[in-house]
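K.L.:
let me see the structure of the following:
(one chain, ligands or ions: 1)
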Amino acid sequence: MRLILAFDIGGTNTRAAVFRAGTRAPLRRVSAPTRRGRGSFLAGLFELGESILPQGARVEGIGVAAPGPLDTRRGVLLAAPNLPGLENLPLGEALSERFGGAPVFLGNDANLAALGEWRYGAARGHHNVLYLTISTGIGGGVICENHLLQGETGIGGELGHVTVLPDGLLCSCGKRGHLGALSSGTAIAAWTRAALEGGAESCLKGEKASLTAARVAVAARNGDALAQEAFARAGRYLGVAVAGFLHIFNPSILVFGGGVSKSGALLLNPFREALGESVFFPPYLDNLKIVTAALGEDAGLFGAQTLVQLAREDSPLSR
Ligand SMILES: [Zn+2]
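P.N.:
Now for the predicted structure:
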């Protein structure tokens with residue numbers, strides 16, 4: 001039996017699935033907490049893969065969605081802010097060695113989520129796709145003419161780290177004013193907290209320490225003006241940034257994934273307004289579909305499977 005093994009490595013949990021080559025439905029899948037430290041992390045990954053492989057199966061290819069930045073050509077994790085100790089880890093080599101010399105294909109998790117949505121999810125049938133996942137940070141992925149944009153070494157498509165406000169708040173990467181520092185869930189909570197510390201009136205006054213974007217959303221829906229402004233602000237900056245992405249990539253569909261994108265009108269109304277004001281030519285919006293992701297937590301796993309599948313099919317996407 002020819003099988004494809006797919007991994008999606010997260011800061012908290014790692015998911016794995018095994019697919020029969022050429023099919024979409026996984027034969028088996030599993031999820032376990034991501035282990036800390038180099039040796040333990042790799043051992044955990046090996047065990048997870050082995051636990052779902054049928055006896056005597058031959059692994060045809062391995063796809064891995066991993067938190068960036070990574071070098072997709074060499075199969076190396078360059079840095080993993082949420083997983084200390086994994087810097088410069090030759091993950092591709094280690095997995096290949098363990099699973100019978102199978103070729104390993106690596107991708108940034110958000111890039112591969114975009115690929116999964118393009119192949120199996122909300123963006124099926126579209127040739128030019130923009131994908132943004134908005135949760136604690138903002139990740140992005142671009143499909144350009146049916147080609148996953150990864151760049152020269154695989155660190156391309158980092159849409160969440162585009163600078164929107166040069167003197168703005170600090171991003172998780174350490175630079176200022178990135179989209180992720182303005183429109184992510186973390187950013188919404190941080191801005192609200194700062195406003196409360198500055199003496200702003202709000203029903204959230206007593207919750208400074210425990211504030212989350214989800215809590216701010218509840219307050220906003222209950223009519224709290226400060227909470228509404230927190231979302232309006234995040235939505236406006238998102239609109240400004242996405243207008244720039246439309247000018248560059250001219251996609252036919254924009255897919256929103258991640259928890260914060262489920263805030264609905266709170267975020268999307270100011271987003272659409274700013275988008276309309278920021279594009280310089282209406283045709284960018286004329287045929288643009290704006291949808292929510294369809295694959296949920298499985299997007300990265302399906303993207304990892306797709307990466308291997310495309311290499312087998314010798315598609316341009318395998319390059
Ligand atoms: Zn950043």
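K.L.:
wasn't H127 part of a helix?
P.N.:
No: in this structure, H127 is coil, not part of a helix, as judged by DSSP: H, G, I helix; E, B strand; the rest coil.
K.L.:
so who does it touch?
P.N.:
Counting by Cβ atoms under 8 Å, 6 or more residues apart in numbering, H127 touches 143, 145-146, 252. Any C-beta I mention is one placed from the backbone N, CA and C, and that applies to glycine too.
K.L.:
need phi/psi at it.
P.N.:
Per-residue torsions, H127: phi -100, psi -20 (degrees, to the nearest 10).
K.L.:
same check on the one 5 residues further on?
P.N.:
As for L132, its main-chain torsions (degrees, to the nearest 10) stand at phi -130, psi 130.
K.L.:
quick check, it in contact with G157.
P.N.:
No: checked against Cβ atoms under 8 Å, the pair L132 and G157 is beyond contact range at 10.5 Å.
K.L.:
more neighbours, those two?
P.N.:
Each of L132 and G157 has its neighbours counted (other Cβ atoms under 10 Å); L132 has more, 27 against 24.
K.L.:
how many residues are close by the closest residue to that one other than its chain neighbours?
P.N.:
Leaving aside its chain neighbours, L132 sits nearest to G140 (5.3 Å; criterion: Cβ to Cβ, 6 or more residues apart in numbering). As a burial measure, G140 scores 27 neighbours (other Cβ under 10 Å).
K.L.:
wasn't G140 part of a helix?
P.N.:
No: checked against three-state DSSP, G140 lies outside a helix; its state is strand.
K.L.:
contact residues of this structure facing the ion?
P.N.:
Within the chain, the positions near the ion by Cβ under 5 Å from the ion are 161, 171, 173, 175, 178.
K.L.:
please narrow those residues to those residing in helices.
P.N.:
Judged by DSSP state H, the residues of the chain next to the ion include no members of helices.
K.L.:
just the buried members of the contacts of H127?
P.N.:
I143 (16 or more other Cβ atoms under 10 Å).
K.L.:
okay, which residue is most central for the chain?
P.N.:
Taking Cα atoms, centre = their mean, the centroid of the chain lies closest to A110, which sits 2.7 Å from it.
K.L.:
for A181, the count of nearby residues, please.
P.N.:
27.
K.L.:
distance-wise, check it relative to T163.
P.N.:
Distance from A181 to T163, counting by Cβ to Cβ, to the nearest Å: 9 Å.
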